[in-house]
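J.: the sequence isn't on hand, but the structure is:
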């Protein structure tokens, strides 16, 4: 049976999503990294293009990837399109670099920090 004590409400999901985009749009790396758990794990086809690795583990490694991405896309701004929620995960449907559409599945810990992120990019 699924433990239901840490279920994210629709309102909390929307608040988390808006906060996530707002923080990212500042490009302030320390503020961005405060969103993530120390043991965060990231899966992304963009990470593979930038670093050669599809999967990045650990806050320090993820931070290095983010810094590389921010430098590569200095005008990066996320525009939230929609939010989806299920138990302790939220999905952010957004526009990102170059107005490309993406969806990020964020798995959250009890403190609502991101412990795993899976970035999905629109098929063109």
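T.: Ah, there it is. From a predicted model like this one, the values you see are computed outputs, not experimental measurements. Residues are numbered from 1 along each chain as shown.

J.: so after the helix or strand of the chain with the lowest mean pLDDT, what's the next helix or strand?
T.: Lowest by mean pLDDT, DSSP states H and E among the helices and strands of the chain is helix 45-51, with a mean of 86. As assigned by DSSP states H and E, the chain's next helix or strand after helix 45-51 is strand 55-57.

J.: what strands line up against that next one, and which way round?
T.: strand 36-43 (antiparallel) (DSSP bridges).

J.: what is the least confident helix or strand of the chain packed up against?
T.: Helices and strands touching helix 45-51, by 3 or more C-beta pairs under 8 Å, 6 or more residues apart in numbering; DSSP states H and E, are helix 59-72, strand 114-121. Where C-beta positions appear, they are placed from N, C-alpha and C, glycine not excepted.

J.: so what's residue 88 up against?
T.: Counting by C-beta atoms under 8 Å, 6 or more residues apart in numbering, residue 88 touches 6, 7, 8, 107, 108.

J.: okay but residue 16 is in contact with residue 91, surely?
T.: No. Residue 16 lies out of contact with residue 91 (C-beta atoms under 8 Å); the separation is 11.3 Å.

J.: one step back: quick check: buried residues in the least confident helix or strand of the chain?
T.: 46, 47, 51 (16 or more other C-beta atoms under 10 Å).
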